[in-house]
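Student: Here is my input; please provide its structure:
(2 chains)
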Amino acid sequence: MKEELFVSGRNIPNIDPYLNIWHWQIPLYLFLGGLAAGILFFAGLFYIMGKEKEMPATVKWSTFVVPFALVFGLFALFLDLKHKLWFWQLYTTVRITSPMSWGAWVLMSVTPLSFIWAASYLREAFPQWNWRWKFLKNFEKWVIKNRIYFAWAMVILAVILGIYTGILLSAFNARPLWNTSILGPLFLVSGMSTGAATIILTSKDHKERRIIGKIDLLLIAIELFFIIHMIMGFLAGSEVQLAAANLFLGGQFTVSFWVFVIILGLLFPAALEILELFGLKVPIVLPAILVILGGLIFRFIMVEAGQITRYLY
Amino acid sequence: MRYAMAIDTKKCVGCSDCVVACQTENNVPIGYCRDWISETVDGTYPNVSIELRSERCNHCDNAPCVRCCPTGASHFEDGGIVLVTHHKCIGCGACIQSCPYEARYSHPDGYVDKCTFCIHRVRKGEDPACVSVCPTNCMYFGDLDDPNSEIVNVLKNRKFKTLAPEAGTSPQIFYLV
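Tutor: All right, here's what the predicted structure looks like:
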């Protein structure tokens, strides 16, 4: 039995004994980014499909959440920085090899887009709203006329944003739990699922809820498949990946992962949504909130657990 | 030019002099360290073997920290030395996550810090502080591209290993075993 220890004593804050340099800010941001991506994706998609009238919550009302989510997420990211006053250097450099640089620029384009999209529906939601200045009124007219282009941009950027929240983690080869290419698609699907759940919460129309509920059900199924796929991949992997999988299969994150993410966050809401499809009266708020909480907890667990996985030598 | 270090695990006694020398030379804040001594114990007495390693940033050829840095603060200097430009670092922690050796830390002033191979000394032709103080002379610092250097000689004549080569980082600290 090999035993490793530091002879010279090493107890660096946030590094020893376990790496814990990323706290609540990063998972919260990953969650909000995924949620925003999900809402924007469906808003753009259903607008392109010409369903603006039939799906008002999807295309219009739910998008009011997005600017808040993104700004709050960005603020969390800012809080995470340790050298805060230098943050602007993210926007004076483009580094192709750095996922974080990509993410900074994607956010830089998605956030204004989400503001413009939501603002263009503001007068529909609040008819007495007045833009006051003429250039704003003209801009609004121009946006409304060209919404289809905005919708396309939103769909594409939302997919990039959603997948980026996973790639941010999966690009770190030193953290075996994150270092799987399935994480990008997995976070994208999970983000879309939480986005769909938010749409369900903002919708009052039974038909619209049903459509989004069905989509959410499909997304949950894909997410479960991806999670199984991820764990299978780890179990067929190297020693460090086995150790990563074992965090969820008997290790310290087993209960939180299976109870809060898999059962309460995916299986139980899926079962409720299926029962609802069969006509049983289920308060639709319940599965939606469970999906959202499950997505949030999932990201917290992945960030926490990933940091303690490492190479052994 | 390719700076590298070879450390003789058979000669190292784990005295931690390199650690203290580094902390003094580089004004490392109290409670932090850029290099440290690891001990791997295999077996129990009397059937026991111990390996002592003075560890630090591996100044990898394929450095994941340089790859993932969003601002270019982490970069390669002459001789492949991996450095952090303090005023370019935003303290996002990406490089800390990306390092398989946990060689980086967040300095109390906000930026990320780590071993520099004492570049300020190396440029003057001196050895890094850790190498220069080692009482057993177990560390060799030099240029791998110079066929006459001591480090090339010692790597030709001794068996050596690197840490976590499977991480694909191509580390440049060689442990003589």
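
Student: Kindly tell me how buried residue B:128 is, as a neighbour count.
Tutor: Neighbouring residues of residue B:128 were enumerated by other CB atoms under 10 Å in any protein chain shown; the total is 26. To be clear about C-beta, it is placed using only N, CA and C from the backbone, and glycine gets the same treatment.

Student: tell me, what residue is most central in chain A?
Tutor: In chain A, the C-alpha nearest the mean C-alpha coordinate belongs to residue A:34, at 1.8 Å (CA atoms, centre = their mean).

Student: so what's the backbone phi/psi at it?
Tutor: Taking degrees, to the nearest 10, you get phi -60, psi -40 for the backbone angles of residue A:34.

Student: and if you look at residue B:57?
Tutor: According to degrees, to the nearest 10, the main-chain angles of residue B:57 amount to phi -60, psi 140.

Student: What is the neighbour count of it?
Tutor: By other CB under 10 Å, the residues close to residue B:57 number 25.

Student: cool, the one 5 residues further on as well?
Tutor: With neighbours defined by other CB under 10 Å, the count for residue B:62 comes to 11.

Student: Can you tell me how far the residue nearest to it when sequence neighbours are not counted is from residue B:104?
Tutor: Taking CB to CB, 6 or more residues apart in numbering or on different chains, and ignoring the residues beside it in sequence, residue B:62 has residue B:170 as its nearest neighbour in space, at 4.7 Å. For residue B:170, the distance to residue B:104 under the criterion CB to CB, to the nearest Å works out to 17 Å.

Student: before we move on, the earlier item: secondary structure element for the residue nearest to residue B:62?
Tutor: When elements are assigned from DSSP states H and E, residue B:170 belongs to no helix and no strand.

Student: can you pull the contacts of the residue nearest to the centre of chain A?
Tutor: When contacts are counted by CB atoms under 8 Å, 6 or more residues apart in numbering or on different chains, residue A:34 is found next to A:162, A:165, A:187-188, A:190-192, A:194-195, A:295, A:299.

Student: quick one: residue B:158 and residue B:176 touch, right?
Tutor: Yes: under the criterion of CB atoms under 8 Å, residue B:158 makes contact with residue B:176 at 4.6 Å.

Student: sec struct for the closest residue to chain A within chain B, please.
Tutor: Nearest to chain A in chain B, going by CB to the nearest CB, is residue B:91, at a distance of 2.9 Å. With DSSP: H, G, I helix; E, B strand; the rest coil as the basis, residue B:91 sits in coil.

Student: hmm, who's touching stretch A:54-73?
Tutor: Taking contacts as CB under 8 Å, 6+ apart, the residues outside stretch A:54-73 that touch it are A:28-29, A:31-33, A:35-36, A:39-40, A:42-43, A:46-47, A:51-52, A:107, A:110-111, A:114-115, A:117-118, A:121, A:124-125, A:195, A:198-199, A:202-205, A:207-208, A:211-212.

Student: as a whole number, average confidence for it?
Tutor: Taken as a whole, stretch A:54-73 has an average pLDDT of 94.

Student: Quick check: buried residues in that stretch?
Tutor: Within stretch A:54-73, the residues scored as buried using 16 or more other CB atoms under 10 Å in any protein chain shown are A:55-67, A:69-70, A:73.

Student: buried set for the longest helix out of those in chain A?
Tutor: Counting by DSSP state H, the longest helix found in chain A is helix A:206-235. Within helix A:206-235, the residues that qualify as buried are A:208-213, A:215-217, A:219-220, A:222-223, A:226-227, A:230-231, A:234, counting by 16+ other CB under 10 Å.

Student: Dump the helix or strand harbouring residue A:68 to CSV, keeping only the CA atoms.
Tutor: Assigned by DSSP H and E, residue A:68 belongs to helix A:65-80. Included here for helix A:65-80 are C-alpha records, laid out as CSV according to Å, rounded to 0.1, in the frame of the first residue of the first chain:
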residue,chain,number,x,y,z
VAL,A,65,-36.2,36.1,-17.2
VAL,A,66,-33.1,35.8,-19.4
PRO,A,67,-31.5,39.2,-19.0
PHE,A,68,-31.8,38.9,-15.2
ALA,A,69,-30.4,35.4,-15.2
LEU,A,70,-27.5,36.4,-17.4
VAL,A,71,-26.6,39.6,-15.5
PHE,A,72,-26.8,37.8,-12.2
GLY,A,73,-24.7,34.9,-13.6
LEU,A,74,-22.1,37.4,-14.9
PHE,A,75,-22.1,39.1,-11.6
ALA,A,76,-21.5,35.7,-9.9
LEU,A,77,-18.6,35.1,-12.3
PHE,A,78,-17.2,38.5,-11.4
LEU,A,79,-17.4,37.7,-7.8
ASP,A,80,-15.4,34.5,-8.4
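
Student: now that helix, how far from the chain's geometric center?
Tutor: 12 Å (CA atoms, centre = their mean, to the nearest Å).

Student: And for stretch A:174-186?
Tutor: The answer for stretch A:174-186 is 15 Å, by CA atoms, centre = their mean.

Student: Helices of the stretch 201-313 of chain A, start to end?
Tutor: A:206-235, A:239-246, A:254-255, A:268-277, A:285-308 (DSSP state H, counting those that start in this stretch).
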